[in-house]
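K.L.:
one predicted model, sequence on top.
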Amino acid sequence: MHELVVVFVAIFHVALGELKPKFNQTPEHVTVIAGNKAILPCTVEFRGEHTVIWSSPRKTLISHADRRMIDDHRISVERPYIKEWNLHIRDVRHNDSGTYKCEINTVPIQAKLVTLSVFVPPMIISKYSSDLVVKQETETAELICNVTGIPAPNVTWYKRNFRKGNGYKEKIGLEGGALLIHNVSRYCDDIYECVVDNGVPPPRSKAIRVEVQFAPEVVLTNKRIGQRRGKETILECIIYAHPHSITVWKRNGQKIQQKSDKYSIEVFPDEENRMVTLSLRIMDLESSDYGSYTCEGSNPLGKDAEDMILYVIEPDPVVTHTTTTTTTTYGLQYEIDVNGGVGSWANNGGGISRNGDGGGDSNRGWVEEGGWEKDRLNPTSKPHKNPTNERGRPVTNQIYPGPRTNPISACRRFETSVVLLSSLLSLTLYCIKYVLT
């Protein structure tokens, strides 16, 4: 029985020895991201006494059986199962890419091809990319974003519009490593961003600052401003410029000093928006202070100026009504008919109706004996200085309309007061007449 078993085992080994080694020779493709570990599979069945070797894309012998034949500690042959001869490459690099060959030294030689593709995440080469681009208006700005990666990455451009805030950015131009901005203006002054992506995470981005230099532009918040005498006022102008401009206020062509008893100048720069607000405070206004003031800005690219007019505002007219001087001021008399007739108003002997439709010129205002000149109601005419009546006494209740006064409205208010006063006097005299009778 023992001899039978030995014969059976011998026959079995002979049968195995006659089986030829084989493996799946179908080419395989392995893809891995740089920095990770690549596993190149190779499975051999019925190897027998034959040897498995690995060779590199450059025809270099990598391993013989399970021994490494090159001085690269990243590479090894791993055999999790007896029929597997897998090639492991740790911390894989782009130059590891290529077609590897797993071979068995049979006659003829059998081989299995495994192609390794190493993908490289996108990377921006800052040394050869733009950081700051400075141009003058009407020039062409060129922004460079030099990138690398496998597969070849796409470059997309954005304008951040950082002055708008809220992380808003706008896609501009076409895809490519260079962005040209033709005929730049001050509105192109912004932060631009190139975003690089090739499907291998993570994507990369780079910010490029574009500065546009331009000559000053002066903008006035108001072309004209008014104020009363004795008060103070502030004139303001905004100057847009880059680089920063020299900003001054001028009066009659002469630069106004920064600090004095009459003037005070303050500067409020806003570097982000390329602007400067220049304010001029004028104290204790006098007649000589009114007129034209010039705001001027200049830089190496040019200069600009705008004029602002400061005009005088006359005080609002004050209308006074005094009941105790009615008959004296307006020369009105009330005559009573003792025979029972109805009394009447008279103006120096002339009759006048209670509703004001008779006696006198309707185009003239009511005034002391000297009268009120008709042309003084013209809004464009200037007030008369120190008006007096025929007796040389100053007229204290005269009305002189200023720029903010409607003379017609003032006249109507005055007439309304007279009508109310006439009604009050008529009622009083009627009561006196009733008592006498």
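P.N.:
Cool, got the structure. Here the structure is a predicted model, which is why all the values come from computation and not from measurement.

K.L.:
secondary structure class for Arg58?
P.N.:
On the three-state scheme (DSSP: H, G, I helix; E, B strand; the rest coil), Arg58 is labelled coil.

K.L.:
list the contacts of it.
P.N.:
By C-beta atoms under 8 Å, 6 or more residues apart in numbering, Arg58 lies in contact with Gly98. Every residue, glycine included, has its C-beta placed from N, CA and C.

K.L.:
that one and Val120, how far apart?
P.N.:
Distance of Arg58 to Val120, computed by C-beta to C-beta, to the nearest Å: 20 Å.

K.L.:
ok, now Ala65?
P.N.:
Distance, Ala65 to Val120, by C-beta to C-beta: 33 Å.

K.L.:
of the two, who's got more company?
P.N.:
Val120 (18 against 13; other C-beta atoms under 10 Å).

K.L.:
pretty sure that one sits against Gly199.
P.N.:
No: using C-beta atoms under 8 Å, Val120 is not in contact with Gly199; the gap is 11.3 Å.

K.L.:
and the strand or helix carrying Pro122, what's buried?
P.N.:
Per DSSP states H and E, Pro122 falls inside strand 110-124. By neighbour count on 16 or more other C-beta atoms under 10 Å, the buried set for strand 110-124 is 110-112, 114, 116, 118-122, 124.

K.L.:
longest strand in this structure, by number of residues?
P.N.:
For the chain, the longest strand by residue count, based on DSSP state E, is strand 204-220.

K.L.:
sheet partners, orientation included, of that one?
P.N.:
Partners of strand 204-220 in the sheet, by DSSP bridges, are strand 132-136 (parallel), strand 190-197 (antiparallel), strand 233-242 (antiparallel).

K.L.:
and of those, who's closest to Asp71?
P.N.:
Evaluated with C-beta to C-beta, the strands paired with strand 204-220 place strand 190-197 nearest to Asp71, the distance being 35.6 Å.

K.L.:
please enumerate residues in contact with the closest one?
P.N.:
Strand 190-197 is contacted from outside by 122-124, 129, 143, 145, 147, 149, 153-163, 169, 172, 177, 179, 203-210, using C-beta under 8 Å, 6+ apart.

K.L.:
quick one: mean pLDDT for that strand?
P.N.:
For strand 190-197, mean pLDDT rounds to 96.

K.L.:
could you dump it to PDB, C-alpha only?
P.N.:
Taking C-alpha atoms only, strand 190-197 is exported to PDB below (Å, rounded to 0.1, in the frame of the first residue of the first chain):
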ATOM      1  CA  ASP A 190      -9.300  95.400  -9.800                       C
ATOM      2  CA  ILE A 191      -8.200  92.000  -8.600                       C
ATOM      3  CA  TYR A 192      -8.200  89.300 -11.200                       C
ATOM      4  CA  GLU A 193      -8.100  85.600 -10.500                       C
ATOM      5  CA  CYS A 194      -7.000  82.600 -12.600                       C
ATOM      6  CA  VAL A 195      -8.500  79.200 -11.600                       C
ATOM      7  CA  VAL A 196      -6.600  76.100 -12.700                       C
ATOM      8  CA  ASP A 197      -8.300  72.700 -12.900                       C
END
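
K.L.:
which positions within it qualify as buried?
P.N.:
By neighbour count on 16+ other C-beta under 10 Å, the buried set for strand 190-197 is 190, 192-197.

K.L.:
could you do stretch 129-140 as well?
P.N.:
Of all the residues in stretch 129-140, those buried under the rule 16+ other C-beta under 10 Å are 129-130, 133, 135, 137.

K.L.:
pull the CA atoms of it into PDB?
P.N.:
C-alpha atoms of stretch 129-140 as PDB (Å, rounded to 0.1, in the frame of the first residue of the first chain):
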ATOM      1  CA  SER A 129       3.200  84.300 -13.500                       C
ATOM      2  CA  SER A 130       2.000  87.800 -13.000                       C
ATOM      3  CA  ASP A 131       1.600  89.300  -9.500                       C
ATOM      4  CA  LEU A 132       1.100  93.000 -10.100                       C
ATOM      5  CA  VAL A 133       0.300  94.700 -13.400                       C
ATOM      6  CA  VAL A 134       0.500  98.500 -13.600                       C
ATOM      7  CA  LYS A 135      -0.700 100.300 -16.700                       C
ATOM      8  CA  GLN A 136      -1.900 103.700 -17.800                       C
ATOM      9  CA  GLU A 137      -5.300 104.300 -19.300                       C
ATOM     10  CA  THR A 138      -5.600 103.200 -23.000                       C
ATOM     11  CA  GLU A 139      -2.700 100.800 -22.700                       C
ATOM     12  CA  THR A 140      -3.000  97.000 -23.000                       C
END
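
K.L.:
tell me the mean pLDDT for stretch 297-308?
P.N.:
Stretch 297-308 shows a mean pLDDT of 96.

K.L.:
list the contacts of it.
P.N.:
136, 213-220, 222-225, 235, 237, 239, 241-247, 250, 276, 292-296.

K.L.:
got a ChimeraX select line for the buried ones in those?
P.N.:
To isolate the buried ones among the contacts of stretch 297-308 in ChimeraX, judged by 16+ other C-beta under 10 Å, type:
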select :213,214,215,216,217,218,225,235,237,239,241,242,245,247,250,276,293,294,295,296
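
K.L.:
domains in this structure, by residue range?
P.N.:
The record's domain parsing of the chain by automatic domain parsing lists 25-120, 125-214, 221-312, 326-436.

K.L.:
least reliable of those domains by average pLDDT, please.
P.N.:
Mean pLDDT values for the domains of the chain show the minimum at domain 326-436, a mean of 38.

K.L.:
show me what contacts the residue nearest to Thr233 when sequence neighbours are not counted?
P.N.:
In space, and not counting its chain neighbours, Thr233 is closest to Gln227: 4.1 Å by C-beta to C-beta, 6 or more residues apart in numbering. The contact partners of Gln227, by C-beta under 8 Å, 6+ apart, come to 233, 285, 310, 312-313.

K.L.:
and if we set it to 7 Å?
P.N.:
Gln227 sits next to 233, 285, 313 when contact means C-beta atoms under 7 Å, 6 or more residues apart in numbering.

K.L.:
no further questions, thank you.
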